[in-house]
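Enquirer: how would this look folded up:
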Amino acid sequence: MLNEYALLIPGLSWLAAIFIVLSYLFFNNQGERGEKFTAGIAFYGLLASNLLVLAIGINSLYLQAVPGDITYLKWLSLGDININISLKLDLPGLLVLTLFSLLLMITVRFSKDYMHREPGFQRFFFILCLFSGAMQLLTIAGNATLTFLAWEFAGVSSYLLIGYFFDRKTATKNANRVFVTNRIGDAGFMLGLIVSFSLLSSSEWNDINSAHKEMSDIATTLLALGFVLAALVKSAQLPFSAWITQALEGPTPSSAIFYGSLIIHAGAFLLIRMQPLLEQIPVLLIFITIIGALTAIYGYLVGLSQTDVKSGLIFSTISQVGIIFVLIGLDQFELATYYLIAHAIWRTYQFLHAPSMMHWMDRPMKQVPAVLQKNEALYTVSQQRFWLDPMSDRIFTRPVYALSRDLRYFDDHIVNKLVGLPSSVSAVSTLAQWDAYHSDQKAHIVADSGMIGRGQGLAGTILDWISRPLFWIENHLVLKTGDEGVQRLLQHFSRYISTMDNLLSQPRYLWLIIFIVFIIAV
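Expert: Sure, this is the predicted structure:
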């Protein structure tokens, strides 16, 4: 019976997020006076979600069987392709779900005091609730489509919290870097979805994990490779490790729960979810092992030379997640699951404890390890983080920015001309400009007919010909105020009506009208 309500686990977190927004918009839940209420909504929403997770877990122990696959309804049907709203409550999913839900609730409680009087307090808790529901759905989604939906919600939440202090140029720049890099992982995920829909007509994890029975070896490898690429990017494995350090611009609670314990483990959990499929592709397991080992070594060496707490912890995290990937590559999926759980708990504690620890420190910084002191070249490489950050910008970020500029040029100079859209438009975009327009009529922001955007092409020429008289009417009649335009015409018209009314009220005109009516009637 409880299993039927499992969809409420992420749903309660998202309902809390929606309620925070509604209370902010309609009940004046803003500023410091609304902090307690906002934090309470987030905490009790996650508490209810945790209680439901706990009830399902206890029920599973009592029955000595996990709920397994639950299908609620058909979401979308396109020919042979059916996408269901389904959950997969197996042992790894329930274990990781229980852990994630508990850590999220602890972080929400910690954030209530840590974020006190911070600008955007309500915004922070809204994003945190959005992220909570996404991570909960990610762990128990019954098909890759729902997993991808949760994957994207988590990514958007991550982007918003990296750029939480949007008045800082570094924060917004790093948020864009992280966003661009993670789109590479999304492309891999979409490749896996496309292959599964094309060849299996399904995205259910059970069908994907048994794909080797129905597909060729090449198609199976391509299917798995797409999801492996998504996992490598999301878990910051080489060569995509640079984004995780750039993501530390957000508040400490978000660094703890996003990059210390949850989101960085999402990629590893995705591979654990795909255990039956990966076991059929030994070459891919070898590849995962090599990448994990290189990442573990990279994180260890770079972490030796870091001088701030967050950087030291995040490179230690990268190293440990690399070890989890090594265990997965060695076909030790169960051990990797328990290692993931233990590491997430420990890393969350370290990140949340870091601000207090910095206040308690009264001793000099630990010396650089001997292995780096004796090797100047290795120390330089460690300090420069293997130059991975500039390489990541050159390989991933800059090409995307260049592509976006090219697309904008193509849109402005080709697409707009083909469809006849104006190349430029003068418009009032802010209240300050609107005030300036009314205070200084000489500095027109809404220009006359000679300054409006000119249409191009056949469609644009026709629309331009039609719009100009309408613009004149709007500019000279509708937009005029005081004794001008439409109001002036109405005033003249009302005076004529008043004069006629006064004349008709005179007795002579009244008798004249009666006589005319009598003549017409006869």
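
Enquirer: in the stretch 201-350 of the chain, where is pLDDT below threshold?
Expert: Filtered on pLDDT under 70, the stretch 201-350 of the chain yields the residue ranges 259.

Enquirer: can you list the buried residues in stretch 117-130?
Expert: By 16 or more other C-beta atoms under 10 Å, the buried positions in stretch 117-130 come out as 121-130. Glycine gets a C-beta too; all of them are placed from N, C-alpha and C.

Enquirer: could you check how far the residue positioned nearest the centre of the chain is from I162?
Expert: Nearest to the mean C-alpha position of the chain, counting by C-alpha atoms, centre = their mean, stands V156 at 1.0 Å. With distances taken as C-beta to C-beta, to the nearest Å, V156 is found 11 Å from I162.

Enquirer: picking that back up, among the buried residues of stretch 117-130, which one lies nearest to N3?
Expert: C129 (23.8 Å; C-beta to C-beta).

Enquirer: distance-wise, check the closest one relative to E118.
Expert: From C129 to E118 the distance is 17 Å (C-beta to C-beta).

Enquirer: S203 too?
Expert: Distance from S203 to E118, by C-beta to C-beta: 40 Å.

Enquirer: which residue ranges of the stretch 201-350 of the chain form helices?
Expert: For the stretch 201-350 of the chain, the helices defined by DSSP state H, counting those that start in this stretch cover 205-209, 217-234, 242-246, 252-254, 263-273, 275-278, 282-303, 309-329, 333-360.

Enquirer: correction: the stretch 51-200 of the chain
Expert: Using DSSP H, counting those that start in this stretch, helices in the stretch 51-200 of the chain cover 91-114, 121-140, 144-162, 169-200.

Enquirer: for the longest one, buried residues please.
Expert: Within helix 169-200, the residues that count as buried by 16+ other C-beta under 10 Å are 171, 174-182, 184-186, 188-189, 191-193, 195-197, 199-200.

Enquirer: ok, of the buried residues of stretch 117-130, which one's closest to P251?
Expert: F124 (6.8 Å).

Enquirer: test my guess that that closest one contacts S157.
Expert: No. F124 lies out of contact with S157 (C-beta atoms under 8 Å); the separation is 10.7 Å.

Enquirer: the longest strand anywhere in the chain pairs with which strands, and in what direction?
Expert: When the chain is parsed with DSSP state E, its longest strand is strand 68-78. If you go by DSSP bridges, strand 68-78 pairs up with strand 81-89 (antiparallel).

Enquirer: what about the partner strand, average pLDDT?
Expert: If you average the pLDDT over strand 81-89, you get 89.

Enquirer: related to what we said a few turns ago, same list (the buried residues of stretch 117-130) but as a markdown table, adding distance to T295.
Expert: Putting those into a markdown table (distance: C-beta to C-beta, whole Å) gives the following:
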| residue | distance to T295 |
| --- | --- |
| F121 | 36 |
| Q122 | 37 |
| R123 | 33 |
| F124 | 30 |
| F125 | 33 |
| F126 | 33 |
| I127 | 28 |
| L128 | 28 |
| C129 | 31 |
| L130 | 29 |
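
Enquirer: now those in a markdown table, with pLDDT and distance to Y379?
Expert: Formatted as a markdown table, the buried residues of stretch 117-130 follow (pLDDT from 0 to 100; distance: C-beta to C-beta, whole Å):
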| residue | pLDDT | distance to Y379 |
| --- | --- | --- |
| F121 | 87 | 42 |
| Q122 | 89 | 45 |
| R123 | 89 | 41 |
| F124 | 89 | 38 |
| F125 | 91 | 42 |
| F126 | 92 | 44 |
| I127 | 91 | 39 |
| L128 | 91 | 39 |
| C129 | 92 | 44 |
| L130 | 92 | 42 |
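
Enquirer: out of those residues, which comes closest to A65?
Expert: C129 (31.8 Å).

Enquirer: surely that closest one touches G45?
Expert: Yes. Between C129 and G45 there is a contact at 6.4 Å, judged by C-beta under 8 Å.

Enquirer: show me whatever sits in contact with both of these two.
Expert: 13, 16 (C-beta atoms under 8 Å, 6 or more residues apart in numbering).

Enquirer: how is this protein partitioned into domains?
Expert: 2-358+373-381, 485-521 (automatic domain parsing).

Enquirer: picking that back up, and the two most separated of the buried residues of stretch 117-130?
Expert: Between all members of the buried residues of stretch 117-130, the farthest pair (by C-beta to C-beta) comes out as F121 and L130, at 15.3 Å.

Enquirer: chain neighbours aside, what residue packs nearest to L372?
Expert: Closest residue to L372 apart from its sequence neighbours, by C-beta to C-beta, 6 or more residues apart in numbering: Y379 at 4.3 Å.

Enquirer: what helix or strand is the one you found on?
Expert: helix 376-383 (DSSP states H and E).

Enquirer: contact partners of that helix?
Expert: So helix 376-383 is contacted by 301-302, 304-305, 368, 371-373, 387 (C-beta under 8 Å, 6+ apart).

Enquirer: now the angle between helix 282-303 and that helix, please.
Expert: For helix 376-383 against helix 282-303, the angle by axes from the mean of the first three to the mean of the last three C-alpha atoms, to 10 degrees is 100 degrees.

Enquirer: show the average pLDDT along helix 376-383.
Expert: 77.
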